[in-house]
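Novice: What follows is a predicted protein model with its sequence.
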Amino acid sequence: MTDVQVPLTSRKDWQSDQEVRWCPGCGDYSILTAVQLLMPDLGVNRENTVFVSGIGCAARFPYYMNTYGMHSIHGRAPAIATGLAVARPDLDVWVVGGDGDLLSIGGNHLIHALRRNVNLTILMFNNQIYGLTKGQFSPTSALGKVTKSSPMGSLDAPFNPLAVALGAGATFVARTHDMDRPHMQEMMRRAHAHKGAAFVEIFQNCNVFNDGQFETLTTRANRDDMLIPLEHGQPVRFGKEKEKGVIISSDGAAHIVNVADVGEDAILIHDEARPEPGLAFMLAHLASSVNEPTPVGVFRAVETTEYADANAKQLAAAQERSGAGDLSALLHSLPTWEV
Amino acid sequence: MTDVQVPLTSRKDWQSDQEVRWCPGCGDYSILTAVQLLMPDLGVNRENTVFVSGIGCAARFPYYMNTYGMHSIHGRAPAIATGLAVARPDLDVWVVGGDGDLLSIGGNHLIHALRRNVNLTILMFNNQIYGLTKGQFSPTSALGKVTKSSPMGSLDAPFNPLAVALGAGATFVARTHDMDRPHMQEMMRRAHAHKGAAFVEIFQNCNVFNDGQFETLTTRANRDDMLIPLEHGQPVRFGKEKEKGVIISSDGAAHIVNVADVGEDAILIHDEARPEPGLAFMLAHLASSVNEPTPVGVFRAVETTEYADANAKQLAAAQERSGAGDLSALLHSLPTWEV
Amino acid sequence: MTDVQARPGTSGDAEQVDHVVIRFAGDSGDGMQLTGERFTTASAVFGNDLATLPDFPAEIRAPTGTIFGVSAFQVQIADHDITNPGDAPSVLVCMNPAALASELHRLEPGGTVIVNSDEFDERNLTKAGYTENPLENDSLAGYKVILVPMTSLTKESVKESGVKPRDAERSKNFFALGLVTWMYTRPLDATLTWIKERFGKNEMVMNANIMAFKAGHAYGETTELAGNRYSIKPAPQTAGVYTSINGNTALAWGLVAAGQLAKLPVFLGSYPITPASDILHELSKHKSFGIRTLQAEDEIAGIGTALGAAFGGQLAVTTTSGPGVALKSETMSLAISLELPLVIVDIQRGGPSTGLPTKTEAADLMMAMYGRHGEAPLPIVASFSPSQCFDAAIEACRIALKYRTPVILLSDGYLANGSEPWLIPDVSTLPDISTTFATEPNHVNETTGEPEHWPYVRDPETLARSWALPGTPGLMHRIGGIEKEDGSGNISYTPENHSHMVDTRAAKVAGIAKDIPEVAVTGDAADADLLVLGWGSTWGAIVTAVDRQRAKGRKVAQAHLTHLNPFPANLGEVLRRYPKVLVPEMNTGHLAKLVRAEFLVDARTVSKVRGVPFTAAEVEAAIEAELERKL
Amino acid sequence: MTDVQARPGTSGDAEQVDHVVIRFAGDSGDGMQLTGERFTTASAVFGNDLATLPDFPAEIRAPTGTIFGVSAFQVQIADHDITNPGDAPSVLVCMNPAALASELHRLEPGGTVIVNSDEFDERNLTKAGYTENPLENDSLAGYKVILVPMTSLTKESVKESGVKPRDAERSKNFFALGLVTWMYTRPLDATLTWIKERFGKNEMVMNANIMAFKAGHAYGETTELAGNRYSIKPAPQTAGVYTSINGNTALAWGLVAAGQLAKLPVFLGSYPITPASDILHELSKHKSFGIRTLQAEDEIAGIGTALGAAFGGQLAVTTTSGPGVALKSETMSLAISLELPLVIVDIQRGGPSTGLPTKTEAADLMMAMYGRHGEAPLPIVASFSPSQCFDAAIEACRIALKYRTPVILLSDGYLANGSEPWLIPDVSTLPDISTTFATEPNHVNETTGEPEHWPYVRDPETLARSWALPGTPGLMHRIGGIEKEDGSGNISYTPENHSHMVDTRAAKVAGIAKDIPEVAVTGDAADADLLVLGWGSTWGAIVTAVDRQRAKGRKVAQAHLTHLNPFPANLGEVLRRYPKVLVPEMNTGHLAKLVRAEFLVDARTVSKVRGVPFTAAEVEAAIEAELERKL
Ligand SMILES: Cc1ncc(C[n+]2csc(CCOP(=O)(O)OP(=O)(O)O)c2C)c(N)n1
Ligand SMILES: Cc1ncc(C[n+]2csc(CCOP(=O)(O)OP(=O)(O)O)c2C)c(N)n1
Ligand code: SF4
Ligand code: SF4
Ligand SMILES: [Mg+2]
Ligand SMILES: [Mg+2]
């Protein structure tokens, strides 16, 4: 973003002096580490980096980054960050929040930030629970989930966060998890590089109120069979031997198949840059629970007009047309008379 | 919903005594007429019917129906209607609102009502403008739209309302327009029959602030070539001679083709009941503006657990397990002692 | 584009009066707002003082001819300084039966009613709820009635323009305008120029309007109206260039000016709502000033985006009306905790809930004071006349920037849409309200020994905190809504710090009293029996009422507040000076409650919550009653 | 399931005291809340009067051993009626150095501190910020220090249970509990029964806890602690069955009861927020009462769903804390306009903004009164003790239903989590709060001659409007937030009607004063020099302070408000009866402002905004200072 030469930094430079206050063992730690280790690589300055969050365990994040930061109020981070990013396109604005913060109370701001395509890097820590308020079901908790506020099981069908983002018109959508630092960093790097609103869902373990929620997918033993890595231009395959794959049938449905059964050529080639979001959406629905093979990676990455940029262009065009604003001329712009 | 025999009614019975206060020529009139004419056919009682709305021109709707009704506040109708429908599953609850009411300020309540699958019939009058506040762009206005609040053209990429609904997990999604009463009524009838949250987008002409916005699609002359009727189990075809159709290629993309070029068998058969919403979503993105052929009809209709029903079942199960609540027993349920 | 012209002389053949109150009323489609505004501008250009009161229906376009579709515009013009659009009109122009039915009751006894008699057919009469034609029974006895077949005369007069017959009658408001222009000896030029500019693109319509306007004028000249001509001399006014401005435009321009005076880009995050939307519309036109307007998804995002922009160092504003303020309150509380500058503009309207969206009211003061959880004080500024909205906006921005605090600026529907002549200020005389940002660390980290920036280090004078913008090297810091340690800004849950911070935030706001003018007392300041205390748009009615009462020999003083929080430092002393204090308010007594609680003076409320502003007569009556009340 | 047991006799070998204040403090992971609660219950069952104050950190689980991870629980037990958890504890149990560092300052001079000496190793001392071991220098001089190696003793004692060594020390809070149980001659049975029930599913853990508990008890019995045993006689109490209850449970049960008493299903629409979430949790357990709980997407939907349910005829409630009330304010305003019953529960916490979420405060009163746009009055009820939250909830529901109005019920974090013994009421003595719905048309349509239902036809006594439920044949009607005509409910923009409706809504709320008890004055009601006026959770501290001051011979009276809007009818008269009025508040003076404005009495504020409740000593000091102040 800036022409200034970026000084070399190390992880330590990106750590604030505040003690980290998550429960021991919380997945948030590994995400924080991933970010702090990644930042020196991104070629950005600390002073041009801002983390904005709402409220929740995840939302504590900004305190731990030696950057500018705002720990705002529950749900409002996407709106606040939008204002900042539009006003100050020279900054790198990150939004961090939990599944409650960004999809429950903040759902509207999230989808509107995504559709406007404001240049934000949004990290949603999805632990499928309200952590900070001590364990109520969240909008991503599974149907039937027993929690403090749903003793007989939750009745609320959960959101598929990627589907919500794609439905809103998000131009960049990715998914990763807290057990795989290189993959997390790759997704963050891509999201950060995206010009526009980038949405990254991170499966995150809340070991106090929802321990092991993603174990079926994320442990080393399960990953090969349960995570489907999406790579642009590559066939969508997974399994230890890449023996399974995804195809799209002519009725417009996605299926998981044995590659051997259909032949390599039938396997869907992932296209994150497809202008219409239909394919990404279909992939986002491949798994309907953590017990089914679940794609991770970049689902969609489409470059289009970024809001702040378009806004700046209108301002420039207006100035070009009528010169820099002249206050006195403005005050005389309605019919006047002299006494 | 009720066992009571429904008396025969006529349109007049469903009209309230309030004078209708829309601008002469507004598309809202034809929607009102469609609803008032449809109601006698639905086999429902006026007293069991409730219209809930927010604020906007569209949201005036409840005043004109001789049913129970609430004209609430801007954006909140889906939440209020949710409470009513959950508390009173015996009622037929309709939600009426504009594109601003339901997608801007009310976007979050809308998507949460849809994911919860509360038994609501939601009619969104999309005129791609804020009517009541006299002509600002709305979240469905096209990029570049010049309005009072966007003199140099709107910078906000619009929502695709059906995509938002599908992204939220809506179980029933349909689209119609104010120029075709039978089609509107068919969509409303289907939406009403759906057990769960049903979302119907109605293209509506605001002849004062956004006149002719849908003319490319909805005039009699244009319909055949520009509207793609979706019918369950039928090939997706359109054109005067049904000469055009839609196919899905193996890369997961939808295309409009000449039927003659690909053969009838290649044409996509519409399946509104497909469990995953991918196909419906793809169809919702077939047109990216009113200048492209645009599907209308039922995109998705999937029966699954309805929220109020599941809620009632939990209550019944709890009573079965522990009998009807006994207040005295509750007050003695923590350790007690006698003095 | 300016349009300065010398003030023409007055016409000789007319009876001279010192003021007149005219009300134009017709169907929403009849263009009454336009007519009223043109008449106003012509009078302003002529040099009269004036004040207007538009009064339009809530419906976008209600069915033609109905009572709820009636749109009215009232204007007072005078040869002296006036402050309000007048009480009862002396002339009422009625374009149809519904207008007569809904507006006649306002006309002063013996007043003149000019009626478009063409429209009084059975259909229209029924729509207006008449069972008999009021022009044919004696229901108008007691008024001077002038029947003019305006529709047919207009159609006739515009024939040559070539407009279709169906469209011809659309010009009838210009006929009416021409007639009234003649009656009050207004110059024609300004209006003619305006018609040419406005309708220039469509020559046929332009010509039709010009013809109708001239025909109306000629009709006055040539008919029996001869005895009904009046002239009103220009008001003595300070020399300078004037423009006629309404409150919302003035407020928007005030924000533009504030950005220039602060040398900061203005950022408006807003969601449309009546009667505030026009500020969004106006500001969105001025991108050449570097002003960004973001139409947010709702009011919460409106203030949220503004707060984000404030964090980024812009002059951040959000505009709304009552329901929007309610929604924004949680974020205002955050802004108070963050101590960032932010101006929240509330153009008040009738409540509660959706209430009366197009009508005026001033019942948001208590919400502005107290409508947030926890101890969350913020400064409140209120404008009191349409043009003064310009100054009020600058003042709100000044306080916000200097004290790093959200500020609520109160206006109302009456000020928003009402207009008055405004002596355009020389921009070089406007205050410098620029602020400074931190550029250097202000602290040394105790453990690392490294220089760092503590965001809550305060200016000892103002208690404003240090403001370092993202992008400034070395000053990285985090702020948030959890209670924080003064100085470092780190999260702190200690009782001592919380108490200190609550006190400090309060002291910061209270301290602004040192930085605002003392409240001035006018009228019988020295020996009044009663002080009329006001705030907001009641000003015009109060000034007139006090003047009249004093003219009647009563000892009355007046004080008007533009700062509602904190109060001017001398307010308590002022209030205690007078045996009685009367507070006219368009609410149930908000300011009265505040001063009673603060100063324990028995301030009495005159309340009017009717969606319409006070008339001077009402304030007068209240003054008289209060003066008579035995202590 | 009930668990009634007869009160055992007191032990003979102990020194008798009339009260003790104990504070348990340790790491968040140490189970101090559980320990405190068990001790409380055992004492309650024994027959003491008591009051508790849990005090836990904002973090879910802060890193072990740090100061901000300290969790504490204070309880006062007494042989007489007490109303608060005591000022300075006389006994402090510290499970680690951080607990000592953060809590010692509270201990009364000469008090006893029981320390788990095992934890005072270098690592833990450093984490707690100690550079020297406080057990080894003279920093504890002036206190009675009892060092107990609890960790190792616990490990030793639970060996036979078979738990892994790593888990063994988890039982150390039961060791501590056993020790204190011995010190204060509490019976063992209740706790043993409870351990068995709670941990029955995991026998190993159950046994370990039992062993640790017994070992702690035995440790007291067999060691040098012999001289440290006390007994506190049961407090004289009204005969009946008691339970120990905290404010949130009592409030939730009050709502359950209200549903039964109103014969209406309860509907709770809520969004989790500290410290209100437990009400949602509790109510969601009671589906067998037909109670529906809907965890909404945000606070606005929380009140929105509740309002929808209210329209449907249910007893609708929404629960939240300050930030949530701010968000709900627009919808409250709608509820006021709709005139539908709805209870908004605000469990206040420290503000502004996110503030101090786990700390108590009472700074939402002004927001409750005025935090809405337009003229939007609603009744306010406040609870004053944990168990009284039960009655307050029923009263709030009663008013809501009877007057068809939203009601705000104020509690706070201190009441929510604090507990006290509660004489369980006989449910047959609880009030009938049922209401009636319209079943017949109440009007005949002027034009059609058909019978119809007018929703705004009012009861002449209460001004409550007619309430017809959807589903009732023939009574179809529409309501909305735009101003409406009284009677018909049709949209009305007329000034007269608006004014009338504003007045009527206000009169309806004001009229509730006829339907609530007059405020009672206790203490030197007849001749006090000073009245202490309070509301909310300050009650306990005020009662004790007034008692003590009177015991010292000062003439002091006391009045406590449970209805904040409207005030009890006699309040003005009561306030004027005393030369001085003092209002202790956990805010900057909200109630004081309200009574000053309303009654023009010079009520003075004692403010404490520190996240912790008043101590009786603080109130006493304020009383003394105010009594000495020259008038
Ligand atoms: C306006 C408001 N409502 C509610 C809360 C209480 N609250 C704080 S965090 C939170 C949800 C936390 O869940 P999530 O966003 O998933 O974050 P996590 O703690 O799981 O990381 C809630 C309900 C609040 N602080 N403010
Ligand atoms: C809280 C709140 N914010 C804003 C408004 C102003 N407002 C009323 S209707 C409306 C939008 C209308 O647009 P839409 O929902 O599309 O309905 P339409 O009038 O086009 O039918 C707005 C912004 C309001 N009444 N309340
Ligand atoms: S509660 Fe869960 S999400 Fe929050 S810090 Fe603890 S483990 Fe992490
Ligand atoms: S403004 Fe538009 S949408 Fe509203 S009533 Fe008029 S024509 Fe219809
Ligand atoms: Mg979460
Ligand atoms: Mg619209």
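Specialist: Good, I have the coordinates. Ligands and ions are numbered 1, 2, ... in the order given.
Novice: May I ask which helix or strand of the chain has the lowest mean pLDDT?
Specialist: Picked chain A for this. strand A:336-338 (a mean of 88; mean pLDDT, DSSP states H and E).
Novice: Actually, chain C is the one I wanted.
Specialist: helix C:165-168 (a mean of 82).
Novice: Would you mark the buried spots in that helix?
Specialist: C:Ala168 (16 or more other CB atoms under 10 Å in any protein chain shown). (Each C-beta comes from the backbone N, C-alpha and C, glycine too.)
Novice: For the helix or strand following that helix, buried residues please.
Specialist: Where DSSP states H and E defines the elements, the next helix or strand beyond helix C:165-168 is helix C:172-183. Neighbour counts over helix C:172-183 (16+ other CB under 10 Å) mark C:172-183 as buried.
Novice: One more: stretch C:553-568?
Specialist: By neighbour count on 16+ other CB under 10 Å, the buried set for stretch C:553-568 is C:554, C:556-568.
Novice: For ligand 5, what's the nearest residue on chain A?
Specialist: A:Gly98 (3.5 Å; CB to the ion).
Novice: Could you grab the helix/strand/coil label for C:Ala525?
Specialist: Per DSSP: H, G, I helix; E, B strand; the rest coil, the secondary structure class of C:Ala525 is coil.
Novice: separation between it and C:Phe599?
Specialist: 18 Å (CB to CB, to the nearest Å).
Novice: The two: who's more crowded?
Specialist: C:Phe599 (19 against 15; other CB atoms under 10 Å in any protein chain shown).
Novice: Does anything pack onto the longest helix seen in chain C? Which helices or strands?
Specialist: In chain C, taking DSSP state H as the definition, the longest helix is helix C:203-222. Where contact means 3 or more CB pairs under 8 Å, 6 or more residues apart in numbering or on different chains; DSSP states H and E, helix C:203-222 is packed against helix C:150-158, helix C:165-168, helix C:172-183, helix C:189-199.
Novice: Mind giving me the packing neighbours of the first one?
Specialist: Helices and strands touching helix C:150-158, by 3+ CB pairs under 8 Å, 6+ apart, are helix C:165-168, helix C:172-183, helix C:203-222.
Novice: Most widely separated two among the buried residues of helix C:172-183?
Specialist: Farthest pair in the buried residues of helix C:172-183 (CB to CB) is C:Lys172 and C:Met183. Separation: 16.5 Å.
Novice: Tell me the residues of the stretch 501-631 of chain C that contact chain D?
Specialist: C:502, C:505-506, C:587-588, C:593-594, C:596-598, C:600, C:602, C:608-612 (CB under 8 Å from any CB of the partner chain).
Novice: With the stretch 51-200 of chain A instead?
Specialist: So far as CB under 8 Å from any CB goes, the stretch 51-200 of chain A lies against chain D at A:55, A:57, A:71, A:73-75, A:104-105, A:107, A:130-134, A:136-137, A:139, A:148-152, A:156.
Novice: re earlier: quick one: mean pLDDT for the longest helix of chain C?
Specialist: Throughout helix C:203-222, pLDDT has a mean value of 90.
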